[in-house]
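Participant: this is the structure alone, sequence omitted:
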Ligand SMILES: NC(=O)C1=CN([C@@H]2O[C@H](COP(=O)(O)OP(=O)(O)OC[C@H]3O[C@@H](n4cnc5c(N)ncnc54)[C@H](OP(=O)(O)O)[C@@H]3O)[C@@H](O)[C@H]2O)C=CC1
Ligand SMILES: CC(=O)N[C@@H](CCC(=O)OP(=O)(O)O)C(=O)O
C-alpha cells in the first residue's frame, strides 16, 4: 500500500511515519507539507534516517490523491477540511487526525472550535474512529475522523459502565492530564520550558473542544446522558494522558462485578488492558495500549476509573493506523505490537 502523510513534519505526522515505517503492508510513504520544507524528511528529523527517507513534497490535491492508496491528515483543525476541499470523499480513503469531522452538528463545531467549517456537509461521510467501540462501522468506511486524545482515554474508560446502564444521569466528571506533546510542535508561551517545568496547570475549564466530542459519543451509548464535566491539565512530561473519571452508580456493585464488566467489554480488544491495579502513563508509553482500572466506593456510591494512553499513539497516530488496518480488513494489531517503553 502507498500512504500519504500530510503534516508529516508535526508531532502526530512524525509518529505516523515512525509507526508506518514498521508496518508490513506499507511499501511507499509520501510526505506532504504546506510550508517551506523541501528536503528529505530525515534532514529535519534524523531519528528516522534508518527507517525511511523521502523528499517532502508540496501538497497538491489531485496529484497527492492519485499517488496514494490512503491519505492521513495530521494537520490542525481548520487546515484538514481546507486542504481536503474538493476531494471525492467516497473514492478516497482518508483518515483525519484533526477535530474537523468528528462533530455531527455544525453549530456545535462553530461554538467549540470558534471558527466556521469550509465543507461541514461532508462530515456525514466520516465515521468516528474509536476503534474498539466502532469497529464494524470503521471496516465499512472510507473516511475516518480519528478521535481526540482525551476522548479516546475517557470514552474507553466509561463505555462499559454506560453499556451496562449503571451511570446516574449527568454524573460523569472527568479530570484529565496530558503531556505537552499534545499541544503540537509549535512553541508558544504556554509550552515553553519555564512555564511547564515544575508546574501543573488546568486549562480551558468548561471550554475545551473535547467536551462536545465526548458527550456526542456518550449519547450514542446512553441517550439519557446530556452532559459531562471535563477539566484538562498540562503535566510536565512529553507524552501520556491519564484520565480519572468519576461516575455515580445507579446501584451497589462489587469490584469483582465491575472487573468482569470491563473484561467482557474488551474481551476481543488487543489494545485495551483491564488492570488489577492503578495504571500510570509509563505503562503504555510509546505503545497503542489503553490501560484501565475501575473501582467502586460504597461510601459515596461512586465508581472511579483510571485510563491511560500515549497521546501520540493510541491518542493519535497508533489509533489512526489501527483504523487503517480495520479499513483494509487486517487484524487491529497489524504493525502495532510494541511493548511500552519503561522506565
Ligand atoms: N499531538 C497530539 O497528541 C494529538 C494531536 N491531534 C491532532 O492531530 C493534528 C496534528 O497535531 P500535531 O501533530 O500535534 O500538530 P503539529 O503542530 O505538531 O503539526 C501540525 C502539522 O500540520 C502542518 N500545518 C499545515 N498548516 C498548518 C497551520 N496553519 N498551522 C500549523 N501547522 C500546519 C504543519 O506541517 P507543514 O508546515 O509542513 O505543512 C505541521 O507540521 C491536529 O489536528 C491535532 O489536533 C490529535 C490527537 C492527539
Ligand atoms: C495538551 C494539549 O494541548 N492537548 C490538545 C489536544 C490534542 C488533541 O487531541 O487534539 P484535537 O482533538 O484537537 O485533534 C488540547 O488540549 O487542545
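Facilitator: Structure's in. What do you need? Small disclaimer: the values here were computed from a predicted structure and weren't measured. Ligands and ions are numbered 1, 2, ... in the order given.
Participant: could you chop the protein up by domain?
Facilitator: 2-147+314-327, 150-311 (automatic domain parsing).
Participant: would you map the helices across the stretch 201-343 of the chain?
Facilitator: For the stretch 201-343 of the chain, applying DSSP state H, counting those that start in this stretch gives helices covering 210-221, 255-265, 318-327.
Participant: turn these into JSON lines, columns for distance to ligand 1.
Facilitator: All C-beta atoms are positioned from the backbone trio N, CA, C, and that covers glycine. Below are these laid out as JSON lines (distance: least, C-beta to the nearest ligand atom, whole Å):
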{"stretch": "helix 210-221", "distance to ligand 1": "10"}
{"stretch": "helix 255-265", "distance to ligand 1": "23"}
{"stretch": "helix 318-327", "distance to ligand 1": "9"}
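Participant: the ones you listed: which one's closest to residue 28?
Facilitator: Nearest to residue 28, of all the helices of the stretch 201-343 of the chain, is helix 318-327, at 14.3 Å by C-beta to C-beta.
Participant: now do the closest one: which elements does it pack against?
Facilitator: When contacts are defined as 3 or more C-beta pairs under 8 Å, 6 or more residues apart in numbering; DSSP states H and E, helix 318-327 packs onto helix 11-20, strand 70-73, strand 93-96, helix 135-139, strand 143-145.
Participant: mind checking the domains of the chain for the one nearest to residue 333?
Facilitator: In terms of C-beta to C-beta, the element of the domains of the chain nearest to residue 333 is domain 150-311, at 4.7 Å.
Participant: ok, back up a step: quick one: which of the helices of the stretch 201-343 of the chain is nearest ligand 2?
Facilitator: Smallest distance to ligand 2 across the helices of the stretch 201-343 of the chain (C-beta to the nearest ligand atom): 5.9 Å, for helix 210-221.
Participant: list the buried ones in that closest one?
Facilitator: 210, 211, 212, 213, 214, 215, 216, 217, 218, 221 (16 or more other C-beta atoms under 10 Å).
Participant: that one: how far from the chain's middle?
Facilitator: Helix 210-221 sits 14 Å away from the centroid of its parent chain (C-alpha atoms, centre = their mean, to the nearest Å).
Participant: what about the strands in the stretch 151-300 of the chain?
Facilitator: Secondary structure of the stretch 151-300 of the chain, counting by DSSP state E, counting those that start in this stretch: strands at 173-178, 201-202, 229-234, 241-248, 272-274, 290-297.
Participant: point me to the residue of the stretch 101-250 of the chain nearest ligand 1.
Facilitator: Per C-beta to the nearest ligand atom, residue 184 is where the stretch 101-250 of the chain lies closest to ligand 1, at 2.9 Å.
Participant: can you pull the contacts of that residue?
Facilitator: By C-beta atoms under 8 Å, 6 or more residues apart in numbering, the contact list for residue 184 reads 10, 11, 12, 76.
Participant: repeat for residue 161
Facilitator: So residue 161 contacts 167, 247, 261, 294, 303, 305 (C-beta under 8 Å, 6+ apart).
Participant: please name the bridge partners of residue 302.
Facilitator: When bridges are called by DSSP bridges, residue 302 pairs up with residue 248, residue 297.
Participant: if we can go back for a sec, including distance to ligand 2, mean neighbour count and mean pLDDT, could the strands of the stretch 151-300 of the chain go into TSV?
Facilitator: TSV is the format used below for those (distance: least, C-beta to the nearest ligand atom, whole Å; neighbours: other C-beta atoms under 10 Å; pLDDT from 0 to 100):
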stretch	distance to ligand 2	mean neighbour count	mean pLDDT
strand 173-178	4	22	98
strand 201-202	10	12	98
strand 229-234	5	19	98
strand 241-248	8	22	98
strand 272-274	19	21	98
strand 290-297	14	21	98
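Participant: okay, these in TSV with distance to ligand 1 next?
Facilitator: Putting the strands of the stretch 151-300 of the chain into TSV (distance: least, C-beta to the nearest ligand atom, whole Å) gives the following:
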stretch	distance to ligand 1
strand 173-178	8
strand 201-202	17
strand 229-234	12
strand 241-248	8
strand 272-274	18
strand 290-297	14
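Participant: output these as CSV; include the columns distance to residue 81.
Facilitator: Output for the strands of the stretch 151-300 of the chain, formatted as CSV (distance: least, C-beta to C-beta, whole Å):
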stretch, distance to residue 81
strand 173-178, 24
strand 201-202, 29
strand 229-234, 23
strand 241-248, 25
strand 272-274, 30
strand 290-297, 28
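Participant: need the longest helix for the chain.
Facilitator: For the chain, the helix that runs over the most residues, judged by DSSP state H, is helix 149-164.
Participant: ok, that helix near ligand 2 or not?
Facilitator: Yes. Contact of helix 149-164 with ligand 2 (C-beta under 6 Å from any ligand atom) involves residue 149.
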